[in-house]
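Student: sharing a model that was predicted from the sequence below.
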Protein chains: 2
Amino acid sequence: MSNMMRRIELARLPAGIPVDEDFQLRGLPLPVITEGQVLCTTQYLSLDPYMRSQISGRHLSGEIGVGDTMRGETISQVLSSRDPGFAVGDLVRCFGGWCSHSVHRASELTLLPGDFPKPSLALSTLGMPGLTAWAGLHCLAKPKAGETVVIPAATGGVGSVAGQLARRAGCRVIGIAGSDDKCRTAVSELGYHHCINRRDSDLAAALDTHCPSGIDVYFDLVGGDMLNIASERLAQGARVLLCGLMADYNSESRSAGPPPGLWIRARATIFGLVVYDFESRREEFLREALTLYSQGALHSNEDISLGLETAPAAFCRLMRGENTGKVIIAVAEER
Amino acid sequence: MSNMMRRIELARLPAGIPVDEDFQLRGLPLPVITEGQVLCTTQYLSLDPYMRSQISGRHLSGEIGVGDTMRGETISQVLSSRDPGFAVGDLVRCFGGWCSHSVHRASELTLLPGDFPKPSLALSTLGMPGLTAWAGLHCLAKPKAGETVVIPAATGGVGSVAGQLARRAGCRVIGIAGSDDKCRTAVSELGYHHCINRRDSDLAAALDTHCPSGIDVYFDLVGGDMLNIASERLAQGARVLLCGLMADYNSESRSAGPPPGLWIRARATIFGLVVYDFESRREEFLREALTLYSQGALHSNEDISLGLETAPAAFCRLMRGENTGKVIIAVAEER
């Protein structure tokens, strides 16, 4: 075992869409833990669009500045422990960041259940993105059978679970994605009735075609113009989940929202959704999702890269919309 | 009794804020009713901001074109009846328009209860504006004691009732209005804790001062910049009622909404409110409001002009924000 660790820092502020050179890999001595601390090795690191807004200082979880270590949720394994609650070899969920190793107090660690099917799933379908999709649909929008649900970023971490849950609720589910490949995945694996390629379609016309009675639920992960176009097509009593702003993350400015008259006309209810608020319901979500997964009724759509050093490139691909599912770095595995 | 009636038509499309010359008063013969019809004389006519968006063709109730009679809700009295359900002298609520007389079928008329305190109230505190305020607070936003409620257009038809209901719910109630006089009325008669004069204040700074814990409920009747400024100051779990767009009614264009990130950050719930949807709950509202009114606990803030011919000027004042309460024309009374 090496007595070194590696971590990735923000090297400079990205201009627009990030590039590899905005990040820097550093080696440094492995920390020595004191009483009450746990040293972990990172197994899987989750990369998510919200990290771009942390870099811009616009995320509610706080800012990442130049020279700071990039943060992120991880599945990690206990390497040494000076807390009686954790033993060497335990798999835990924590915010280990873009690092090969991390040090935590016990309160920062959540033990993965022993029967957990596959650790990376705790960062994707059965983790934060899955919980986000479930909270939005199950707790807030509550789609009814026969309603039309539209999900942009259809094959991403949240969208891929939201699509499947909406389909199971008996809804007509229309996705929007950025490539023909993603659209195929959406329909063949994730239960979408149809997926619109936003790069080669007139989105407004395509929504008119595929949502003839309007949109009952719009699970917004994008913001920007797509939110306007969707808002113009809401059915009476529609619900809109505001959950992500992909269209703005790479920009200095914030897009304005749709004219409020569109939402008045539809008698819409709009929910600002932050997944952190649903931590208390994670167990309930996990029970339901594990049951579905064990029945083969919940497909996982992961885009896994091997090795910590691939994180910058994978994040840049994510921010260009070129990922093919929930982006995860298998940190402990070599490329 | 004259055998003539008068009505006011739209003479031309207003450019921006309407002026008197945009309307035209016409005399014409009194209609003769046939079986199943009821002829009414208008007692009171309600003038409301939404009429400006009917003229622009942007209201969900349909368009008013050049040469069309201006529409509006009225309290009218039955002058002659060929329907067994209505007798001469009955007071009814209907959409009689900007007219001295109107002809209806029975299904278009709602009899005013015999013990109704004052007919004009059926167009203000105990009518559509009151129902709007009640629906927004009682059915949607549900403010709790101790929460901060902010109401722009604080002394108008909806705002004056909303302010009082929010105060009764134990909330801290902050109004926004366009003159010192209105602000005084808001505080001395309508139960507001404070009212900000938007014409001579830095609204953002004033809201910071008077809503130190943020805004829990924003009852939007205005849209535009004020909605942005309020959205930047929402407390966690805030509710926003989108109910009016005064800032846009005189404009050709529609203001964009606030950046969605503001609503995500606040975990806000936004409701598009259209009062027509709450017609089924009017009785429930009316019982509560009549009880309060009879106890002297619901102040009515009406701005009444005498004579149908005053309607254009009163409407223009309303659209300049110079009314001092719910604008009503006492049609049957001479100036």
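Tutor: Happy to help now that I have it.
Student: all helices of the stretch 1-150 of chain A, in order?
Tutor: Listed in chain order, the helices of the stretch 1-150 of chain A (DSSP state H, counting those that start in this stretch) span A:50-55, A:128-134.
Student: so where's the stretch 1-150 of chain A uncertain?
Tutor: A:1-2 (pLDDT under 70).
Student: and the closest residue to chain B within it, how many neighbours?
Tutor: Here the stretch 1-150 of chain A gets closest to chain B at one residue, A:Leu60, 5.5 Å apart by Cβ to the nearest Cβ. C-beta here means a position set from N, CA and C on the backbone, and glycine is covered the same way. Number of residues near A:Leu60 (other Cβ atoms under 10 Å in any protein chain shown) recorded here: 14.
Student: touching, it and B:Leu262? I think so.
Tutor: No: using Cβ atoms under 8 Å as the test, A:Leu60 is too far from B:Leu262 to be in contact (11.2 Å).
Student: now the helices of the stretch 1-150 of chain A as TSV including mean neighbour count?
Tutor: Conversion of the helices of the stretch 1-150 of chain A to TSV gives the following (neighbours: other Cβ atoms under 10 Å in any protein chain shown):
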stretch	mean neighbour count
helix A:50-55	22
helix A:128-134	26
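Student: kindly state the beta-bridge partners for the closest residue to chain B within the stretch 101-250 of chain A.
Tutor: Across the stretch 101-250 of chain A, no residue is closer to chain B than A:Leu242, which sits at 4.7 Å (Cβ to the nearest Cβ). Beta-bridge pairing for A:Leu242 (DSSP bridges): A:Asp220, A:Gly272.
Student: list the contacts of the residue of the stretch 1-150 of chain A closest to chain B.
Tutor: A:274, B:265 (Cβ atoms under 8 Å, 6 or more residues apart in numbering or on different chains).
Student: ok, it to A:Pro152 distance?
Tutor: 22 Å (Cβ to Cβ, to the nearest Å).
Student: now do stretch A:90-99: distance to the chain's middle.
Tutor: 16 Å (Cα atoms, centre = their mean, to the nearest Å).
Student: all strands for the stretch 1-150 of chain A, in order.
Tutor: Assigned strands in the stretch 1-150 of chain A, in chain order: A:4-10, A:23-29, A:37-46, A:74-81, A:91-94, A:101-105, A:110-111, A:148-152 (criterion: DSSP state E, counting those that start in this stretch).
Student: of those, which stretch is the most buried?
Tutor: Most buried of the strands of the stretch 1-150 of chain A, by mean neighbour count (mean count of other Cβ atoms under 10 Å in any protein chain shown): strand A:148-152, with a mean of 28.
Student: packing partners of that one?
Tutor: Here strand A:148-152 touches helix A:157-168, strand A:172-177, strand A:215-220, helix A:224-231, going by 3 or more Cβ pairs under 8 Å, 6 or more residues apart in numbering or on different chains; DSSP states H and E.
Student: quick check: angle from the longest one to strand A:172-177?
Tutor: In this structure, helix A:157-168 runs at an angle of 160 degrees to strand A:172-177, with axes from the mean of the first three to the mean of the last three Cα atoms, to 10 degrees as the basis.
Student: how big is the angle separating helix A:157-168 from strand A:215-220?
Tutor: Going by the same axes, to 10 degrees, helix A:157-168 makes 160 degrees with strand A:215-220.
Student: determine whether any part of helix A:157-168 lies close to chain B.
Tutor: No: judged by Cβ under 8 Å from any Cβ of the partner chain, helix A:157-168 stays clear of chain B, getting no closer than 13.4 Å.
Student: show the contacting residues for the closest residue to A:Ile33 other than its chain neighbours.
Tutor: Leaving aside its sequence neighbours, A:Ile33 sits nearest to A:Leu39 (Cβ to Cβ, 6 or more residues apart in numbering or on different chains; 4.9 Å). By Cβ under 8 Å, 6+ apart, the contact set of A:Leu39 is A:30-31, A:33, A:78-81, A:101-103.
Student: for chain B, what are the nearby residues on the stretch 201-335 of chain A?
Tutor: So far as Cβ under 8 Å from any Cβ goes, the stretch 201-335 of chain A lies against chain B at A:220, A:223, A:227, A:242-243, A:245, A:248, A:254-261, A:263-274, A:277.
Student: ok so, going back, model confidence score at the residue of the stretch 101-250 of chain A closest to chain B, please.
Tutor: According to the prediction, A:Leu242 has pLDDT 97.
Student: and it, how many neighbours?
Tutor: Number of residues near A:Leu242 (other Cβ under 10 Å) recorded here: 27.
Student: pretty sure it contacts A:Gly272?
Tutor: Yes: using Cβ under 8 Å, A:Leu242 is in contact with A:Gly272, at 5.1 Å.
Student: what touches both of those two?
Tutor: B:260, B:263-264.
Student: export the residues you listed to TSV and tack on neighbour count?
Tutor: Shown next, in TSV, are those (neighbours: other Cβ under 10 Å):
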residue	neighbour count
B:Pro260	30
B:Trp263	24
B:Ile264	21
